[in-house]
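Visitor: Structural data only, the sequence is not supplied:
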């Protein structure tokens, strides 16, 4: 069982930055590939970025490539999403999730544990 708690969301102007954090419970955090998803009103939840359990491999969606960076600190049981050059279209609830798999997981159905989400609002 893994419990996830996101933090770091908020209101920011376009062009600004935010860093989201996701703190995980459990002693085996390093075994879990992690992902960040976002869900805008009226839209489906989408994968934004993913990282392997040991943090050695990452995936970033085309829509945020070059602006968002995912990282993982297994010593702190925390995964981060650094978001730069934010745009109004990045406005969404952001969720972190842990996959019960290996490698870099880009299939949403493989994510088993979810946080409660944190709101990110980017004003124009």
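Guide: Now that the structure is in, tell me what you want to look at. Quick caveat: nothing in here was measured; it's all calculated off a predicted structure.
Visitor: My read is that residue 35 contacts residue 101, right?
Guide: No. Between residue 35 and residue 101 there is no contact under CB atoms under 8 Å: 10.6 Å. Any C-beta I mention is one placed from the backbone N, CA and C, and that applies to glycine too.
Visitor: how about residue 93, secondary structure?
Guide: strand (DSSP: H, G, I helix; E, B strand; the rest coil).
Visitor: coming back round to it: between residue 35 and residue 101, which is the more surrounded one?
Guide: Legend: neighbour count by other CB atoms under 10 Å for residue 35 and residue 101, higher for residue 35 (28 against 15).
Visitor: and that one, what element?
Guide: strand 34-39 (DSSP states H and E).
Visitor: how close does the closest residue to residue 100 other than its chain neighbours get to residue 14?
Guide: Among residues not flanking residue 100 along the chain, residue 112 sits closest, at 4.3 Å (CB to CB, 6 or more residues apart in numbering). Separation of residue 112 from residue 14 (CB to CB, to the nearest Å): 35 Å.
Visitor: Repeat that for residue 47.
Guide: 23 Å.
Visitor: Give me the more crowded residue out of these two.
Guide: residue 47 (18 against 13).
Visitor: what's next to stretch 50-66, contact-wise?
Guide: With contact meaning CB atoms under 8 Å, 6 or more residues apart in numbering, stretch 50-66 is reached by 30-36, 46-49, 68-74, 79, 83, 90, 102-106.
Visitor: Right, I'll call it a day here.
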